[in-house]
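Undergrad: here are the coordinates; sequence isn't available:
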């Protein structure tokens, strides 16, 4: 294969996919969108934010998402055969990998608070009760974008919720380093979407955003 053939193949398929061209859409439970930060509330009210300052805008979550993984899928198999010398792999199910997201943290710790409150909807550490899944799970849409910022491929995570909030390291030697938070999501299954269906899923997610606002 010559370099010209490679360039022609990439060119006819719209160019190479860029790792930094992506978007994420999801709406956490309403309880985790309520702004409980008194400093942020006072500042927003003084600047004319009004009653809208009481609700955190979930669209900020997508803007602050620095990276996300598209989930992998593994076929589960069993060794099947009549004798030890003649066996073959027999598929019996699939295992979907968890999804990891990393967010840039702002000075009001908005993202950290959202996911802390989201975990609180899943498990109440005071009463030791688990919430109903329908109340703490949500669909998550992850899109690969082209160079024109249009979706070309999408994955929808069905009934997703956070299972791990990674530690945040404080470091005196990192004066100019921005704090980041990594979160792991579990889900029931994922659905592969084309450009059109992924766009419709994002529009549906946007409608949910407006409902929660």
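TA: Right, received. Where do you want to start? Here the structure is a predicted model, which means the values were calculated and not measured.
Undergrad: got any ranges where this structure has weak pLDDT?
TA: 1, 31-58, 82-85, 205-213 (pLDDT under 70).
Undergrad: can you give me the strands for it?
TA: Taking DSSP state E as the criterion, the chain contains strands spanning 22-25, 65-68, 73-83, 86-96, 99-104, 123-124, 129-130, 138-145, 151-165, 180-186, 189-193.
Undergrad: most packed of those strands?
TA: Ranked by mean neighbour count, the strands of the chain are led by strand 138-145 with a mean of 22 (mean count of other C-beta atoms under 10 Å). Every C-beta, even on glycine, is put in place using the N, C-alpha and C of the backbone.
Undergrad: circling back to that earlier point, so for residue 2, which of the strands of the chain sits nearest?
TA: Taking C-beta to C-beta, strand 151-165 is the member of the strands of the chain nearest to residue 2, at 26.6 Å.
Undergrad: and the angle from the closest one to strand 86-96?
TA: If you take axes from the mean of the first three to the mean of the last three C-alpha atoms, to 10 degrees, strand 151-165 sits at 80 degrees to strand 86-96.
Undergrad: Packing partners of strand 151-165?
TA: helix 110-122, helix 133-136, strand 138-145, strand 180-186, strand 189-193, helix 195-212 (3 or more C-beta pairs under 8 Å, 6 or more residues apart in numbering; DSSP states H and E).
Undergrad: one more time with 6 Å, if that's ok
TA: Packing partners of strand 151-165 (3 or more C-beta pairs under 6 Å, 6 or more residues apart in numbering; DSSP states H and E): helix 110-122, strand 138-145, strand 180-186, strand 189-193, helix 195-212.
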